[in-house]
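Colleague: A predicted structure for the sequence below; I have some questions about it.
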Amino acid sequence: MKFTGMILAGVLSLFSTVAVSETFTFTAIPDEDESQLRTRFDKVAVYLSEQLGVEVKYIPVKSYSAAVTAFRNNQVQLAWFGGLSGVQARRLVPGSEAIAQGFEDQFFKSYIIAHHSTELAATDSFPVLNDYTFTFGSKDSTSGRLMPQYFIESNVGQSVDKIFKRIGFSGDHSRTISQVEAGVYQVGAVNYKVWDTAVEKGDVDTSKVNVIWQSPTYPDYQWTVHSGVDKTFGAGFKEKLTKTLIGMKDKDLLDSFPRESFVPASNSDYEPIERVAKAIGMLD
């Protein structure tokens, strides 16, 4: 019996070691300049590792769809998604949950920006955009494509392909700003946080490009966790992770998003995004 007990203790110790050595991985949609994202999320990885007591690694991806695919395949157990990419991922992984969002993500918004040559001025009413060239961000972006397209089509009463002379997809918000500033496109849609931060840093020449309209608010970014993390990392891990994200207080870390704080989120918060995506044909 003593020998059997020693074997059992050894087996339990082995399983404990395996659980502890498991690396918790996460990703984020590539919505900004890659170097900025790497700097931000490498710091997030250090913070999570310290708080959770496990090795944590940030896995960068090249596209929004790649972030969703990595989550679907359980290559990452956590992701910083936009509203639409989060909905797409949770539809593919039953049991996955939105657990935290930025305070500002409860009432996010998009800007429409225009090159100075258009002579379009800021307005509270929806601007006349017919026959301009226009760029969205990523094809799967919430603030750079989904919601702007919805607001444009709702206000104009036509599909975007009939409104604009030419439509492009820059890939991310930073490139949208650069392309409109350079006159590659006359008008574009951008995440308001990325724009405001870029202007604050002096990275935008506002004599060449300016905001002409801001959208009504909608829910956007969130942290979504994969189903089964408690099984892999131990009972209560999801709850501890949620508290750790909501408990992020480091000002430099929060400013890098930039967010005032993180607050609880749930899947139901993003039902409006799912409805809009279905309405304009981006989801079945």
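Modeller: Cool, the structure landed.

Colleague: what ranges do the helices span in the stretch 51-200 of the chain?
Modeller: Across the stretch 51-200 of the chain, reading from the start of the chain, the helices by DSSP state H, counting those that start in this stretch fall at 64-72, 83-92, 147-156, 160-163, 173-182, 192-200.

Colleague: with respect to Phe233, which of these lies nearest?
Modeller: The closest approach between Phe233 and any of the helices of the stretch 51-200 of the chain, judged by Cβ to Cβ, belongs to helix 64-72 at 16.3 Å. All C-beta atoms are positioned from the backbone trio N, CA, C, and that covers glycine.

Colleague: the closest one to helix 83-92, inter-axis angle?
Modeller: Comparing the axes of helix 64-72 and helix 83-92 via axes from the mean of the first three to the mean of the last three Cα atoms, to 10 degrees yields an angle of 30 degrees.

Colleague: looking at the chain, which helix or strand is least sure?
Modeller: For the chain, counting by mean pLDDT, DSSP states H and E, helix 2-21 ranks last in confidence among helices and strands (a mean of 45).

Colleague: okay, now the domains of the protein?
Modeller: The chain breaks down into these structural domains: 21-105+219-279, 109-214 (assignment by automatic domain parsing).

Colleague: let's have the ones you listed in CSV, adding mean neighbour count.
Modeller: Written out in CSV, the entries for the domains of the chain read as follows (neighbours: other Cβ atoms under 10 Å):
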stretch, mean neighbour count
domain 21-105+219-279, 18
domain 109-214, 19
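
Colleague: distance from stretch 148-166 to the middle of the chain?
Modeller: Averaged C-alpha coordinates place stretch 148-166 at 24 Å from its chain's average position (Cα atoms, centre = their mean, to the nearest Å).

Colleague: what's it in contact with?
Modeller: Contact partners of stretch 148-166, identified using Cβ atoms under 8 Å, 6 or more residues apart in numbering, comprise 110, 112, 126, 129-134, 136, 167, 185, 187, 189, 215-216, 276, 279-280.

Colleague: try it again at 10 Å.
Modeller: With contacts defined as Cβ atoms under 10 Å, 6 or more residues apart in numbering, stretch 148-166 is touched by 109-112, 125-137, 141-142, 145, 167, 185-191, 213, 215-216, 218, 273, 275-277, 279-282.
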